[in-house]
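A.B. asks: Here you go, sequence then predicted model.
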Amino acid sequence: MLTARKAISVGEAIGKIMSDIRLGDVERMPLNKANGRYLAEGIVANQDVPAFDRSLYDGYAIKAEDTITAAKESPIEFEVVGHIGAGSVFRGEVKKNQAVRIMTGAEMPKSCNAIVMLEHVEEIEKEGKHIIAIHKQIPVNEKVFKKGTEIKEGTLIIKEGARINPGIVGLLATFGYSEVLVGVKPKVGVLATGSELLEVEEPLVPGKIRNSNSYMLMAQIEKLGAEPVYLGKLEDDLEKSYTEIVRALKEVDVLITTGGVSVGDFDYLPEIYNRLDAEVLFNKIAMRPGSVTTVAKLGHQYLFGLSGNPSASFIGFELFVRPVLKTLLGNDQPYLITHKANLTEDFPVPNAFTQLIRTKVKVEGTNVLVSSNGLNISSSITSLVGADALIVLPPSESGYEKGSLIDVLLLSDEGQEECFFIGGVEIEE
Ligand code: AMP
Ligand code: MG
């Protein structure tokens, strides 16, 4: 018999989930497979960038001091004594009033200290000699990318825990990292419960719906960089469900179930946690949608019991599963980024629970404006399409008026270190 559930705040729920979390394992990954993974080591520059003085343009390398008196009316002539492209090095000596024709990226000849761009010289052919004339004074280091100006050897360039993106891949290649240490992707099982569920490819029959949550959740897991494992769907049958969940727990690091976690006649998850002897961290949260969201642990293995309602399930993932997966992956900014915004719609209904409303953020000048993105009920699926943030409306007896300044949580890939809900922002029920 299920005893009455005690609702805790979103902040408390996240606090409980994150209080005893163990980091995941790490593995070496070849650079060409590392995009999207989380670095498990800080990257320190093992050389200067550039590693040598380089020409920034196609032009002529000269000694700047030779151009001191150069002017439109009194150009100075230089004899071209060499010609190098990127990758080549001019080893000769460049004497007074001599120049080396040099292409972008090539190393500066040792005795030169400035570049004149091709477009800024006059080419002269004199007695078979290649001569150029320069019409203005050129400052020292003009158009030279000096050794170490971008990055000095020994600088920490990427912090441990950063998610590798194409720019980081380029940087790692620059420093010669052909492989890097990354967090192992946790295997996250997704198991849908409900006798009403059909597979995606099955035609609709009376009373049934398709299992959309599993596919949505797998996409959310994948987006974070973890490994989704599709575990199918379960009928509302206690014995079968228990057996399947025991089997699933052997296969995955984290198990997400959707549905069956409420107090309905066929909601068997509470009894299954009981049989598993799992530690139920909480089974009711003062939030809508998703108040029945339950999180349990078996040792260090997490069992997320998300509501079956699509929006509740989506939001439950973003609030509770996301920080766990990101932390397991080694990232230290696991929470959704918060931003202030103004409501462009009234939310007059009083609510004892924190409401989370799907929204699409609009920026008008310096104002960030938000309103409900489509149907604001927990079973809505269309409201998730195009939603890029969640409006947070803390409990209120009077509701919220259009124009109120409120907080939104951005559904972006980036994250923040602090959890918005922890630290007194939330009003307790
Ligand atoms: P439950 O949490 O099991 O009470 O389910 C709540 C609502 O979500 C019910 O209307 C279910 O039919 C629906 N639902 C449950 N599981 C899924 C799923 N995997 N995909 C889409 N809707 C679901
Ligand atoms: Mg159900």
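C.D. replies: That came through fine. Ligands and ions are numbered 1, 2, ... in the order given.

A.B. asks: Looking at stretch 40-58 now, give me its mean pLDDT.
C.D. replies: Taken as a whole, stretch 40-58 has an average pLDDT of 97.

A.B. asks: ugh, typo on my part, it should be stretch 83-96
C.D. replies: Stretch 83-96 comes out at a mean pLDDT of 97.

A.B. asks: Residues of the stretch 151-300 of the chain that sit close to ligand 1?
C.D. replies: For the stretch 151-300 of the chain, the residues in contact with ligand 1 (Cβ under 6 Å from any ligand atom) are 192, 194, 196-197, 209, 211-214, 258-260, 262, 264. Quick note: C-beta positions are derived from backbone N, CA and C, even for glycine.

A.B. asks: so what pLDDT did the spatially closest residue to residue 330 that is not a sequence neighbour get?
C.D. replies: Nearest non-adjacent residue to residue 330, counting by Cβ to Cβ, 6 or more residues apart in numbering: residue 183, 3.8 Å away. Here, the pLDDT recorded for residue 183 equals 98.

A.B. asks: The residues of the stretch 151-300 of the chain next to ligand 1 in helices, which ones?
C.D. replies: In this view, those that belong to helices under DSSP state H are 212, 213, 214.

A.B. asks: quick revisit: please pick the buried ones from the residues of the stretch 151-300 of the chain next to ligand 1.
C.D. replies: 192, 194, 196, 197, 211, 213, 214, 258, 259, 260, 262 (16 or more other Cβ atoms under 10 Å).

A.B. asks: buried sites along stretch 110-119?
C.D. replies: Buried-residue list, stretch 110-119, by 16+ other Cβ under 10 Å: 111, 112, 113, 114, 115, 116.

A.B. asks: Show me what the helix or strand hosting the fifth one packs onto, helices and strands only.
C.D. replies: Here residue 115, judged by DSSP states H and E, is contained in strand 114-117. Taking 3 or more Cβ pairs under 8 Å, 6 or more residues apart in numbering; DSSP states H and E as contact, the helices and strands that strand 114-117 lies on are strand 59-62.

A.B. asks: roughly how far is the strand it packs on from the heart of the chain?
C.D. replies: The chain centroid and the centroid of strand 59-62 are separated by 44 Å under Cα atoms, centre = their mean, to the nearest Å.

A.B. asks: For the nearest residue to residue 168 once chain neighbours are set aside, name its beta-bridge partners.
C.D. replies: The spatially closest residue to residue 168, leaving aside those adjacent along the chain, is residue 158, at 6.0 Å (Cβ to Cβ, 6+ apart). Going by DSSP bridges, residue 158 is paired in beta bridges with residue 43.

A.B. asks: So residue 158 sits against residue 41, correct?
C.D. replies: No - Residue 158 is not in contact with residue 41 according to Cβ atoms under 8 Å; the separation is 9.0 Å.

A.B. asks: between these two, which one's more packed in?
C.D. replies: Shown here are residue 158 and residue 41; by other Cβ atoms under 10 Å, residue 158 has more neighbours (19 against 16).

A.B. asks: got a list of what the more buried one touches?
C.D. replies: Going by Cβ atoms under 8 Å, 6 or more residues apart in numbering, residue 158 touches 39, 42, 43, 168, 171, 172.

A.B. asks: By neighbour count, which of those residues wins?
C.D. replies: Highest count within those by other Cβ under 10 Å belongs to residue 39, 25 neighbours.

A.B. asks: for that residue, which residues make a bridge with it?
C.D. replies: With DSSP bridges as the criterion, residue 39 is bridged to residue 182.

A.B. asks: tell me the contacts of it?
C.D. replies: Per Cβ under 8 Å, 6+ apart, neighbours of residue 39: 158, 159, 160, 161, 162, 163, 164, 168, 180, 181, 182, 330.

A.B. asks: Please apply the same query to residue 207.
C.D. replies: If you count contacts by Cβ under 8 Å, 6+ apart, then residue 207 has residue 196 around it.

A.B. asks: Checking my notes, it in a strand, right?
C.D. replies: No - using DSSP: H, G, I helix; E, B strand; the rest coil, the assignment for residue 207 is coil, not a strand.

A.B. asks: how close does it sit to residue 197?
C.D. replies: 11 Å (Cβ to Cβ, to the nearest Å).
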